[in-house]
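Participant: structure for the following, please:
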Amino acid sequence: MILETLSDDDCWRLLATRQVGRLAVSIANQPDIFPLNYRVEDETLVVRTAPGLKLAGATLGAGVAFEVDGLDEMRHTGWSVVVHGLAEEIEALEEWMAADRLLIEPWAEGERDRLVRITPSKVSGRRIGPNLLRDPAIPDHAE
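Facilitator: This is a model prediction of the structure:
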């Protein structure tokens, strides 16, 4: 199996194929990770969440990481993309309405009416698979 470093363009293409990722934040100097629904918008990520620790940890901290992957355990292939950046709650009405039109539908029950934009400072990704001579937009059957 070959391990490939992905370009920024490949990372954004792969991020757009998913709806769930993991948000890593630091809360009281302790790392924590939360699964969240998201969408890609203009090389940023928009997540929908509820008030609480994850929102506070994301928006009050020095930075966040957001990880998304696609794996095929039977074939031992897959990819992983990590976005490092700053998270900011979307509060301006026009911007909130535009983000709400992304139709981010939370899987978990309960009201999740807070929208947060993650603006990246760094995007990185890797893919493992048998053949690097294929279309990089195809996530190596790791659906």
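
Participant: okay, residue 110: pLDDT?
Facilitator: Looking at residue 110, its pLDDT reads 79.

Participant: I meant residue 10, not that one.
Facilitator: 96.

Participant: just the helices in the chain please.
Facilitator: 8-15, 53-60, 93-100 (DSSP state H).

Participant: which among the ones you listed is found nearest to residue 77?
Facilitator: Of all the helices of the chain, it is helix 8-15 that lies closest to residue 77, at 13.0 Å by CB to CB. (C-beta placed from N, C-alpha, C; glycine too.)

Participant: residues in contact with that closest one: which ones?
Facilitator: 6, 21, 40, 43, 45, 68, 70, 79, 81, 83, 123-125, 127, 136-137, 139 (CB atoms under 8 Å, 6 or more residues apart in numbering).

Participant: returning to that earlier point: out of the helices of the chain, which is closest to residue 107?
Facilitator: Closest among the helices of the chain, using CB to CB: helix 53-60, at 14.7 Å.

Participant: let's see the closest one as CSV, backbone CA atoms only.
Facilitator: Output in CSV follows, covering the C-alpha atoms of helix 53-60 (Å, rounded to 0.1, in the frame of the first residue of the first chain):
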residue,chain,number,x,y,z
LEU,A,53,-18.9,23.0,26.2
LYS,A,54,-18.1,22.2,22.6
LEU,A,55,-19.3,25.7,21.4
ALA,A,56,-17.4,27.4,24.2
GLY,A,57,-14.3,25.3,23.6
ALA,A,58,-14.4,26.0,19.9
THR,A,59,-15.0,29.7,19.9
LEU,A,60,-13.1,30.8,23.1
